[in-house]
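1. Sequence isn't available, so here's the structure alone:
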Ligand code: SF4
């Protein structure tokens, strides 16, 4: 029987999982299926799908008239898990989630609600038609749905923009109003997280799959070599404040850091004296890195038309954007209680390092701390 387009668009949906279950039940039977000569084209499509995520091409949907097409996404996951390269997995999660996000924009409201409920167990309600919403307070009329705050919080903290912080949202008896585009972002963000969190034990693969794995492996190694981020010297990075250190590490690991985080890191690196080429090099591993765009953005941040170039955001702004790991309780550095700006942290820590000061607790003995991170 033919598959529905939605089963192919949304591999995490309950309908896609049902269709998969009819064809295969575990990794071993999946591999057996893929080795069947009838399914060799499925392996080819899976390889192409992974390749698209490396080169940032749009993911093509397989033919819905062939029930075995449900295996393409699974085979693509199998190839990536077998290679076990974190940057490849980041590329795949990013590309798959982008593809889902694109399709969700054209789905009906009722389908989105169904997808949220059946795939993730989220509670989502429609706020009614446009005519019905005219009876709502003006502020809430542009929201198409409401979602339980617990479900909102499963994904929203992964996005750093201010509008994803629960404190900046309207909250009504535990329900958060969201626009259609925001709900799509939550769904695709959840899917991305599911890919990043999943681990598949992949046994030795038969010949055809092994050949696909080898070709993708060569491709990703070449991409990693070409996009090897510029590694900053240990002297520079040891003086980084925790916030900048975290964004820098995420960039090197090929994670897709938020726009605000990129801006903070780029402006910071430019201010401490790195040139545009070096700063761009740091972002090379990003799954959505585009040379010309990155160059334009970094040049703009450093632009003289913006005076002496943009100043990186201060601690308050970083905290507001959920980019301060100290305020989030993830790490601790006593200097953070004293400074109000990441650059002030860097200057003080550089000075300490130059003097060989290793006891960073001297700020805590100061009577007046300049900021409370509690
Ligand atoms: S307190 Fe300031 S310098 Fe320290 S990690 Fe947070 S934002 Fe960065």
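-> Thanks, I have the structure now. It should be emphasised that the depicted structure is a prediction, and the values quoted were computed from it without experimental measurement.
2. Just give me the neighbour total for residue 324.
-> Neighbourhood size, residue 324 [other C-beta atoms under 10 Å]: 22. Where C-beta positions appear, they are placed from N, C-alpha and C, glycine not excepted.
3. residues from this protein in reach of the ligand?
-> 241-243, 315, 318, 324-327, 336, 339, 342, 345 (C-beta under 6 Å from any ligand atom).
4. Which members of those residues are the farthest-apart pair?
-> Spatial extent of the residues of the chain next to the ligand (C-beta to C-beta) is set by the pair 325 and 339 at 14.5 Å.
5. Disregarding flanking residues, what is the spatial nearest neighbour of residue 241?
-> Distances taken as C-beta to C-beta, 6 or more residues apart in numbering place residue 345 nearest to residue 241, at 3.8 Å, with adjacent residues excluded.
6. which ones are touching residue 343?
-> For residue 343, the contacting residues are 268, 271-272, 311-312, by C-beta atoms under 8 Å, 6 or more residues apart in numbering.
7. which one in these is the model shakiest on?
-> Among the contacts of residue 343, residue 311 carries the weakest pLDDT, at 83.
8. quick one: low-confidence parts of the stretch 101-250 of the chain?
-> Low-confidence segments of the stretch 101-250 of the chain (pLDDT under 70): 160, 226-235.
9. quick one: residue 120 and residue 373, what's the gap?
-> 33 Å (C-beta to C-beta, to the nearest Å).
10. and those two? which has more neighbours close in?
-> residue 120 (20 against 15).
11. Can you tell me how far the closest residue to that one other than its chain neighbours is from the ligand?
-> Nearest residue to residue 120, sequence neighbours excluded (C-beta to C-beta, 6+ apart): residue 190, at 5.9 Å. For residue 190, the distance to the ligand equals 28 Å [C-beta to the nearest ligand atom, to the nearest Å].
12. Report the contact partners of residue 190.
-> By C-beta under 8 Å, 6+ apart, the neighbours of residue 190 are 12, 120, 154-155.
13. May I see the domains of the protein written out as residue ranges?
-> 5-85+199-223, 102-194, 234-363 (automatic domain parsing).
14. give me the element the residue nearest to residue 120 is part of.
-> Using DSSP states H and E, the secondary-structure element containing residue 190 is helix 180-197.
15. do the same with residue 208
-> helix 207-226.
16. how far out from the middle of the chain is that helix?
-> 23 Å (C-alpha atoms, centre = their mean, to the nearest Å).
17. Could you list the buried residues of it?
-> Within helix 207-226, the residues that qualify as buried are 208-209, 212-213, 216-217, 219-220, 223-224, counting by 16 or more other C-beta atoms under 10 Å.
18. Stretch 324-344 now?
-> Quick answer for stretch 324-344 (16+ other C-beta under 10 Å): 324-327, 333-339, 341-344.
19. Equivalent analysis for stretch 81-95, please.
-> In stretch 81-95, counting by 16+ other C-beta under 10 Å, buried: 81-83, 85, 87-95.
20. Can you name the residues in contact with that stretch?
-> 50, 52-54, 56, 59, 76-77, 80, 192-193, 195-196, 199-200, 202, 205, 209, 213, 216-217, 220, 224, 253-256, 285, 287-288.
21. of those residues, buried ones?
-> 50, 52-54, 59, 76-77, 80, 192, 195-196, 202, 205, 209, 213, 216-217, 220, 224, 254-256, 285, 287.
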